[in-house]
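Participant: After the sequence you'll find the predicted model.
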Amino acid sequence: MPKNFCLPSIFLLSSLRFSSLHFHSFLHSFLLSYFFNHSVTLNLLE
């Protein structure tokens, strides 16, 4: 495998890992806020 091919693939993999991590944290915070709002509205309805 040539080195000029190896370097971009490593960069691509690291950026993919970073974006997936960012997306994961975003999804986690979104779900938390969603469930929190849902429970608050349920408490208000009761």
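Facilitator: Yes, it's here.
Participant: Run through this protein and note the low-pLDDT ranges.
Facilitator: For the chain, residues meeting the criterion pLDDT under 70 lie at 1-6, 46.
Participant: Now do the strands in it.
Facilitator: Counting by DSSP state E, the chain has no strands to list.
Participant: Quick one: neighbours of S39, just the number.
Facilitator: A count of neighbours around S39, defined by other Cβ atoms under 10 Å, yields 10. (Each C-beta comes from the backbone N, C-alpha and C, glycine too.)
Participant: Give me the distance between it and S25.
Facilitator: Note on S39: its distance to S25, by Cβ to Cβ, to the nearest Å, is 21 Å.
Participant: try L45
Facilitator: Distance, L45 to S25, using Cβ to Cβ: 31 Å.
Participant: neighbour count winner among these two?
Facilitator: S25 (10 against 6).
Participant: ok, now how distant is that one from L7?
Facilitator: 28 Å.
Participant: How about S33?
Facilitator: When distance is defined by Cβ to Cβ, S33 is 39 Å away from L7.
Participant: Check S20 too.
Facilitator: In this structure, S20 lies at 21 Å from L7, with Cβ to Cβ as the measure.
Participant: same question, N37
Facilitator: As for N37, its distance to L7 is 45 Å (criterion: Cβ to Cβ).
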